[in-house]
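1. just coords:
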């Protein structure tokens, strides 16, 4: 069996044509930053090379931060992480899309099991996944209002946990 | 046959949301042609409690207790995945004895979970004698967990930086006795599963998944290993004390329901073997190491092998007292895809067993409470209402 280092290097080689840049946050992890248009080719390269399996799709809200004085505020983005695992090695493809154009292509034609992850992404973060086979709700209740995405930082639950202990 | 070919004439059998297989809610729609299933879809979320959102509002320590409550069957493994991630971010490692105790709890949990599943799956197939025997025997391991922690469900053994409870030599002796009994019983169950004619009739060649399908559909855990898709986080990326006390991976070739029974029973026996090895070589050390209250900024991925397969935590810290994001991907979520695909071509009567065959855990997937601003509707409770109700109830 090849070593952890070799497995990660092989992924780096596969993804080199598509990556904006690479990062090694931990010994067993490789982060690959991609532009949206390179997501499908990068996933295809991983699938064609049979590099591990897609473990999960994670959405992360990166809300707008107030810009410097006189500068326009930076606009909010959703970062989407596609984590592939092979043994102990984890390769994460990272794509950022702005709130105003939160659209990503579906990877289901390449990896059918991504459908649940993509449905979760649509419901919880309001990312439109183009071409995903099933756009119906997976998790949220039927009565949940349209256009409210609970995992965005801007969503504040009605009754927030106070953190204070009271009573028994 | 596809949905389109059926056109207007397709007949849909809804199963659930109440108790489709296990006593938990999920909703399935099976498209049938006579007795044969030609299509399937799933709808989850009936017990979604918003835990990922809730995590962003709680301190690291509070979150440990929240994560334990994601699942009542594998509470320990959720807490383990979480604390190991937080420890990595904080740059500390739990002491050797604490790591061994984490493994002890994890393997006892696997034994109780697999025996629970054996009973449920047998029940779905109409073998209620096996259901009752396996649940009677499961009480032995539940008693062990209660002896170790005082609790049967939320053992709550983990702390960030170590464990709360020691396992004394006296306790180990008692557990050894229990394990001897369980091992004898498991040999018997393996014999039933392999040789009972009616049992084989309902399991062999049913819901067969090839290795390629398992990989493509993203199957994990025993469901994948029963299709000879050999990966187990305990072996591939050892955590806790799995480097010092390794487990052997159990795989099977057949990929059918029968193989899923065999793999889980053999895994339970393997858990017993490794527990004995830990007891014979228990490391001596402190139980907990100091961890700062604020966790340094950074991101980590923590993976562990839950009883149902790979459990994945993504944890992001902004350097404060609370996490910025906690993503939990449970093994059941991966295995749903296999059910929906494998259902096609089988008889409707096989569906409960195929569903139960992946050992689904709905609460694991579903993590949100319904929060409504309207206080007047007696059917809708806010989080604060629920808390007050709980406080009043126990006052």
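-> Structure received. On a predicted model such as this, the values are computed, not experimentally measured, just so you know.

2. what stretches of the chain score poorly on pLDDT?
-> Because you didn't say which chain, this covers chain A. Chain A contains residues with pLDDT under 70 at A:1-2, A:66-74, A:159-168.

3. try again with chain B
-> For chain B, residues meeting the criterion pLDDT under 70 lie at B:1-9, B:19-23, B:361-383.

4. quick one: contacts for residue 149?
-> All of this is about chain A. A:123-126, A:155 (Cβ atoms under 8 Å, 6 or more residues apart in numbering or on different chains). C-betas here are computed from N, CA, C, even on glycine.

5. try again with chain B
-> Applying Cβ under 8 Å, 6+ apart, one finds that residue B:149 lies in contact with B:105, B:155-157, B:164-165.

6. Stretch B:230-240 near chain A anywhere?
-> Yes. Judged by Cβ under 8 Å from any Cβ of the partner chain, stretch B:230-240 comes into contact with chain A through B:231, B:236-237.

7. ok, which of the contacts of residue A:149 also contact chain B?
-> When contact is defined as Cβ under 8 Å from any Cβ, the contacts of residue A:149 meet chain B at A:124, A:155.

8. Please list only the buried members of the contacts of residue A:149.
-> Neighbour counting with 16 or more other Cβ atoms under 10 Å in any protein chain shown marks A:123-126 as buried within those.

9. Return the distance of residue B:162 relative to chain A.
-> With distances defined as Cβ to the nearest Cβ, to the nearest Å, the gap from residue B:162 to chain A amounts to 21 Å.

10. For the closest residue to that residue other than its chain neighbours, grab the count of nearby residues.
-> Take residue B:162 and drop its neighbours on the chain: the residue closest to it by Cβ to Cβ, 6 or more residues apart in numbering or on different chains is residue B:288, 3.0 Å away. Burial measure for residue B:288: 17 neighbouring residues, criterion other Cβ atoms under 10 Å in any protein chain shown.

11. thinking residue B:288 is in contact with residue B:93, fair?
-> No. Using Cβ atoms under 8 Å, residue B:288 is not in contact with residue B:93; the gap is 11.5 Å.

12. re earlier: need the buried ones among the contacts of residue A:149 in a markdown table with secondary structure, can you?
-> Output for the buried ones among the contacts of residue A:149, formatted as a markdown table (DSSP: H, G, I helix; E, B strand; the rest coil):
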| residue | secondary structure |
| --- | --- |
| A:123 | helix |
| A:124 | helix |
| A:125 | helix |
| A:126 | coil |
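
13. Now flag whichever of these is closest to chain B.
-> Checking the buried ones among the contacts of residue A:149 against chain B by Cβ to the nearest Cβ gives residue A:124 as the nearest, at 8.0 Å.

14. so who does residue A:22 touch?
-> Taking Cβ under 8 Å, 6+ apart, one finds A:12, A:15, A:30-33 in contact with residue A:22.

15. Name the helix or strand for it, please.
-> When elements are assigned from DSSP states H and E, residue A:22 belongs to strand A:19-23.

16. Sort out which residues of that strand are buried, please.
-> Residues of strand A:19-23 classed as buried: residue A:19 (neighbour count, 16+ other Cβ under 10 Å).

17. Check stretch B:192-207 too.
-> Judged by neighbour count using 16+ other Cβ under 10 Å, the buried positions of stretch B:192-207 are B:192-193, B:199, B:202-203, B:206-207.

18. Which residues are in contact with residue B:16?
-> By Cβ under 8 Å, 6+ apart, the contact list for residue B:16 reads B:25-28.

19. okay, which residue is most central for chain A?
-> Closest residue to the average C-alpha location of chain A: residue A:80 at 1.9 Å, with Cα atoms, centre = their mean.

20. who are the neighbours in contact with it?
-> For residue A:80, counting by Cβ under 8 Å, 6+ apart, the contacting residues are A:57-60, A:94-97, A:104, A:121, A:127.

21. Among the buried residues of stretch B:192-207, pick out the one closest to chain A, please.
-> residue B:207 (16.7 Å).

22. Spatially nearest residue to the closest one (excluding sequence neighbours)?
-> Distance criterion Cβ to Cβ, 6+ apart; nearest residue to residue B:207, sequence neighbours excluded, is residue B:354 at 4.3 Å.
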